[in-house]
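Asker: show me how the following folds:
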Amino acid sequence: QVQLVEAGGGLVQPGDSLRLSCAASLRTFSSYGMGWFRQAPEKEREFVAAISWSGGSTRYADSVKGRFTISRDNAKKTVYLRMNSLKPEDTAVYYCAADSRGNVFTSGADYWGQGTQVTVSS
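Answerer: Numbers count the residues shown, from 1 in each chain. This is a model prediction of the structure:
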């Protein structure tokens, strides 16, 4: 059974930083595109960032471009999301996703994690 387990969420103040991680049990993790999505209360889930199987391509939502950085370690089967200059509007449950097509993706995925809560509040 494939598992994506997110960690690193929490309560922070505006301007602070957090690093989320997602550990995957995928046997062929290095062939999957990986992504982060988020869902705020009473809103639809939205794309945040994605990275290709090799790490050579990345894509970001306009709302996080320049503040968030996605990266991956294929040896550890883990994808990361570094979030800087956090804003209250970044408050959401953040989900990790894996896509077998291997490229960056902004919707759809083969596997999803359970999510980790990020709250940005003073």
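
Asker: can you give me the strands for this protein?
Answerer: For the chain, strands defined by DSSP state E occupy the ranges 4-7, 10-12, 18-24, 33-39, 46-51, 58-60, 68-73, 78-83, 92-99, 111-112, 116-120.

Asker: of those, flag the one that's most buried.
Answerer: Ranked by mean neighbour count, the strands of the chain are led by strand 33-39 with a mean of 24 (mean count of other CB atoms under 10 Å). For the C-beta atoms, the positions are set from N, CA and C on the backbone; glycine is no exception.

Asker: thinking again about what came up before, adding distance to residue 105, write the strands of the chain out as JSON lines.
Answerer: Output for the strands of the chain, formatted as JSON lines (distance: least, CB to CB, whole Å):
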{"stretch": "strand 4-7", "distance to residue 105": "15"}
{"stretch": "strand 10-12", "distance to residue 105": "27"}
{"stretch": "strand 18-24", "distance to residue 105": "15"}
{"stretch": "strand 33-39", "distance to residue 105": "5"}
{"stretch": "strand 46-51", "distance to residue 105": "5"}
{"stretch": "strand 58-60", "distance to residue 105": "8"}
{"stretch": "strand 68-73", "distance to residue 105": "12"}
{"stretch": "strand 78-83", "distance to residue 105": "13"}
{"stretch": "strand 92-99", "distance to residue 105": "5"}
{"stretch": "strand 111-112", "distance to residue 105": "12"}
{"stretch": "strand 116-120", "distance to residue 105": "20"}
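
Asker: in JSON lines, list those strands along with mean pLDDT.
Answerer: Converted to JSON lines, the strands of the chain look like this (pLDDT from 0 to 100):
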{"stretch": "strand 4-7", "mean pLDDT": "97"}
{"stretch": "strand 10-12", "mean pLDDT": "98"}
{"stretch": "strand 18-24", "mean pLDDT": "98"}
{"stretch": "strand 33-39", "mean pLDDT": "98"}
{"stretch": "strand 46-51", "mean pLDDT": "98"}
{"stretch": "strand 58-60", "mean pLDDT": "98"}
{"stretch": "strand 68-73", "mean pLDDT": "98"}
{"stretch": "strand 78-83", "mean pLDDT": "98"}
{"stretch": "strand 92-99", "mean pLDDT": "98"}
{"stretch": "strand 111-112", "mean pLDDT": "96"}
{"stretch": "strand 116-120", "mean pLDDT": "98"}
